[in-house]
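Visitor: task: produce atomic coordinates for the following.
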Amino acid sequence: MLTSTVCAAVSAAGLCIAALTAYRKRFLAATRIAAFSLIPIGLVMTGVIDWVTNVVFKPTVWAGFGVLALSVVLFMISRMVERRRGGMGGRKERKAAAASGSDAVAPAASAPSLTTGRGAAQPVAKPAAKAKAKGKGGAPKDDFSDIEAILKKHGI
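Guide: Next comes the predicted model:
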């Protein structure tokens with residue numbers, strides 16, 4: 001009741017100022033002042049002012065805002081702790097994940113896709129071992145003989 005009276009008085013004062021401004025032949029400014037002065041009475045008529053006063057002056061509403069704020073703080077703390085731990089659970093889970101040693105490569109992946117990890121060094125080493133074994137039977141001794149020839153040709 002009091003808020004609607006105050007808003008009506010503010011609107012009436014604004015309309016008086018708009019009338020004085022229009023009397024001075026400043027119609028554009030008077031129109032703007034009238035538009036702003038009608039806002040408070042419009043808010044009272046739509047019920048927005050009653051809703052705002054009910055929100056501001058009820059302790060249960062503020063307690064609800066407090067509970068929501070506590071929820072947000074707890075959520076942020078849990079996210080921060082999770083980031084520090086690396087996104088996994090406790091120490092036992094991390095040890096179990098490290099012991100499993102599962103690679104990210106599919107079991108039936110082709111050999112060129114295996115460029116990193118534990119399994120990559122073995123396929124590359126086998127052909128080199130076969131080449132060295134063949135080197136004794138008449139093939140060049142090592143795979144770098146053509147590179148050595150180029151370097152000798154340039155005097156390096």
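Visitor: what segments of this protein are helices?
Guide: In the chain, helices defined by DSSP state H lie at 2-23, 27-46, 48-56, 59-85, 91-100, 121-135, 145-153, listed in chain order.
Visitor: need those helices in TSV (columns: mean neighbour count).
Guide: Where C-beta positions appear, they are placed from N, C-alpha and C, glycine not excepted. As requested, these are arranged in TSV below (neighbours: other C-beta atoms under 10 Å):
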stretch	mean neighbour count
helix 2-23	14
helix 27-46	15
helix 48-56	12
helix 59-85	10
helix 91-100	10
helix 121-135	11
helix 145-153	10
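Visitor: which of the ones you listed has the lowest mean pLDDT?
Guide: Out of the helices of the chain, helix 121-135 stands lowest, with a mean of 50 (criterion: mean pLDDT).
Visitor: just give the nearest non-adjacent residue to Ser37, would you?
Guide: Gly14 (2.2 Å; C-beta to C-beta, 6 or more residues apart in numbering).
Visitor: cool, Thr3 as well?
Guide: Ile49 (5.2 Å).
Visitor: do Thr53 as well
Guide: Nearest one to Thr53, counting by C-beta to C-beta, 6+ apart, is Thr3 at 5.6 Å.
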